[in-house]
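**Q** Any chance you can model this:
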Amino acid sequence: MFYVYVLHSTRDWGLYIGYSTGLRRRLSEHKDGASRATGYRGPWNLIYYEAYVEETDAVGRERYSKSGGGKLLRSQLRNYFAKHPLRTA
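**A** Purely as a prediction, here's the structure:
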């Protein structure tokens with residue numbers, strides 16, 4: 001399976017959109033600070049993911065989500081979390 005996922009930073013309320021073939025492994029890397037893209041902005045919470053059978057579909061969805069076309073979704077998520085912060089245990 002191929003995964004596109006959205007992480008939410010509890011530090012700066014930022015979002016990160018990524019793609020992986022091993023979702024659990026990749027989330028662990030993000031949470032452990034092993035990712036250069038997210039290591040300094042954690043802690044992170046997984047807020048959304050999609051699973052794909054075809055890699056090209058997952059890569060296309062990730063690119064769309066990061067593009068201007070995906071800007072509306074990112075804006076809606078940021079607004080939601082500004083009003084409803086995640087509670088961490």
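
**Q** in the protein, what secondary structure element scores lowest on mean pLDDT?
**A** One helix or strand of the chain scores below all others by mean pLDDT, DSSP states H and E: helix 71-83, with a mean of 81.

**Q** can you map out the helices along the chain?
**A** Applying DSSP state H to the chain gives helices spanning 23-32, 55-66, 71-83.

**Q** of all the ones you listed, which lies closest to P43?
**A** Distance to P43, taken as Cβ to Cβ, is lowest for helix 23-32 among the helices of the chain, at 6.7 Å. C-betas here are computed from N, CA, C, even on glycine.

**Q** got the helices of the chain as TSV, with distance to Y40 and mean neighbour count columns?
**A** Converted to TSV, those look like this (distance: least, Cβ to Cβ, whole Å; neighbours: other Cβ atoms under 10 Å):
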stretch	distance to Y40	mean neighbour count
helix 23-32	11	15
helix 55-66	19	16
helix 71-83	19	12
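
**Q** Just the residues contacting stretch 43-59, thanks.
**A** Residues outside stretch 43-59 that contact it (Cβ atoms under 8 Å, 6 or more residues apart in numbering): 1-11, 16, 19, 21, 23, 27, 30-31, 38, 61, 77, 86, 88.
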